[in-house]
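In: Sequence and predicted structure below; questions after.
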Amino acid sequence: MKTDDESRHPPYIVDIRSQPDALQALLDAGWPQECTRLLESLGSFERIVLTGVGSSLQGMYPAYLRLAAAGLPVWWEDTGELLEHDHGSITPDTLVWVTSQSGESAEVAELLDRLAGRPTVLATTNDLDSTLAQAANAVMPLHCGAEHTVGTKSYLNTLVAVGVAVEAALGAGVPDSILHAPEALDTYLGGWDDQLGSISDSVPDASLVVLGRGPSIASARTAGLIIKEAARRPAEGMSVPQFRHGPLEMADDGLVALLFAGSDRDRALNDVMRHDLVATGAHCVWIDAIGSSPTVIETPALTAPIARQVAEILPIQLLTVVLAERIGAEPGKFQRIAKITRTL
């Protein structure tokens, strides 16, 4: 039986609004001992390869940066590229950490078939009966429940599941900010109509780029993905340095640049980009947990590592709703693709 929320809203919006509950379910369930034991031995592997496709891959990016900063031999690779062009990076002594919401994506299934049990496989997935879960040495469930269209709950829970697991592997516990995140998300989404109105006022119709630095690159790239998926609108997500090395040339009054403020160490450099964009006449929208003006979109009040990326994606999800409704489309409704991609 459908709930009142499911009856009144498209499935994509139901998924967005149910993210606080999905995250709380993950936190309540905790991390399986088999995963904890495996991650405690990260230093024993010749290398660590993090892989996935789409938002599953992007959700692992902050954890990749954390592992790299700790001096571990870590790769972060699109599963499709890993299959065809970078398979030499997997050795018998590699930990292959695969994330896939369904556990059935074509690239993931093919990779598992080719690996044939040679390296150790750690799975992060929402389906414990999936091909991925059944082939893995250890499984980290996402606990996000059914997801209908574009990745929302699964992306957010991937950020937290993988991020917290890496922190634990490096000797840290669950950050307090993550424990408070479901409440902060719920408060933010509780102002649904006001948030949509503010975002709509801040983002005019124009060419879109989404920019970030460090862990917020995950937010920028996922934004570029889901704006195309959920709103059928061209958008590109990239790092601030990559944008400066060329694409900045196209900045003018026909460009909207969504710029994540980022962490304390990145904020000053990102602010330089903001001023440079404004100087070209581009419409630069600063995405941050603080501040309120026509050129600032507020996120939930979460600013610690891992939690910041959880907060950053929510206004982007709401933006996809705004953009879809502007063209009279149902946000997040697939017409040409399906929830699970089964073709290489």
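Out: Received it, and whenever you're ready, just let me know what you need. Numbering: from 1, shown residues only.

In: who touches residue 259 in this structure?
Out: The contact partners of residue 259, taken as CB atoms under 8 Å, 6 or more residues apart in numbering, are 210-212, 240, 270, 273-274, 277, 284-287. No exception for glycine: its C-beta is placed from N, CA and C like everyone else's.

In: Most neighbours among those residues, please name it.
Out: Among the contacts of residue 259, residue 211 has the most neighbours (other CB atoms under 10 Å), with 31 neighbours.

In: check contacts around residue 15.
Out: Applying CB under 8 Å, 6+ apart, we find residue 15 in contact with 147-150, 152-153, 332.

In: rerun that using 10 Å as the cut-off
Out: 9, 22, 144-154, 317, 332 (CB atoms under 10 Å, 6 or more residues apart in numbering).

In: Taking those residues, please make a ChimeraX selection of just the buried ones.
Out: Only the buried entries of these go into this ChimeraX selection, using 16 or more other CB atoms under 10 Å:
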select :9,22,144,147,148,149,150,151,152,153,154,317,332
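
In: Please identify which pair of the contacts of residue 15 lies farthest apart.
Out: Checked with CB to CB, those reach their widest spread between 9 and 154, with 18.6 Å between them.

In: Kindly reformat the contacts of residue 259 as a markdown table and extend each row with secondary structure.
Out: As requested, the contacts of residue 259 are exported to a markdown table (DSSP: H, G, I helix; E, B strand; the rest coil):
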| residue | secondary structure |
| --- | --- |
| 210 | strand |
| 211 | strand |
| 212 | strand |
| 240 | helix |
| 270 | helix |
| 273 | helix |
| 274 | helix |
| 277 | helix |
| 284 | strand |
| 285 | strand |
| 286 | strand |
| 287 | strand |
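
In: residue ranges of the strands in the stretch 201-344 of the chain, please?
Out: 207-212, 235-239, 255-260, 283-288, 296-298 (DSSP state E, counting those that start in this stretch).

In: Turn those into JSON lines, columns for distance to residue 88 and mean pLDDT.
Out: Output for these, formatted as JSON lines (distance: least, CB to CB, whole Å; pLDDT from 0 to 100):
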{"stretch": "strand 207-212", "distance to residue 88": "30", "mean pLDDT": "98"}
{"stretch": "strand 235-239", "distance to residue 88": "26", "mean pLDDT": "98"}
{"stretch": "strand 255-260", "distance to residue 88": "34", "mean pLDDT": "98"}
{"stretch": "strand 283-288", "distance to residue 88": "38", "mean pLDDT": "96"}
{"stretch": "strand 296-298", "distance to residue 88": "42", "mean pLDDT": "93"}
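
In: Distance to residue 64 added to these, as JSON lines?
Out: Shown next, in JSON lines, are the strands of the stretch 201-344 of the chain (distance: least, CB to CB, whole Å):
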{"stretch": "strand 207-212", "distance to residue 64": "15"}
{"stretch": "strand 235-239", "distance to residue 64": "14"}
{"stretch": "strand 255-260", "distance to residue 64": "18"}
{"stretch": "strand 283-288", "distance to residue 64": "22"}
{"stretch": "strand 296-298", "distance to residue 64": "26"}
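
In: looking at the ones you listed, which is closest to residue 106?
Out: Minimum separation from residue 106 across the strands of the stretch 201-344 of the chain (CB to CB) falls at strand 235-239, 23.2 Å.
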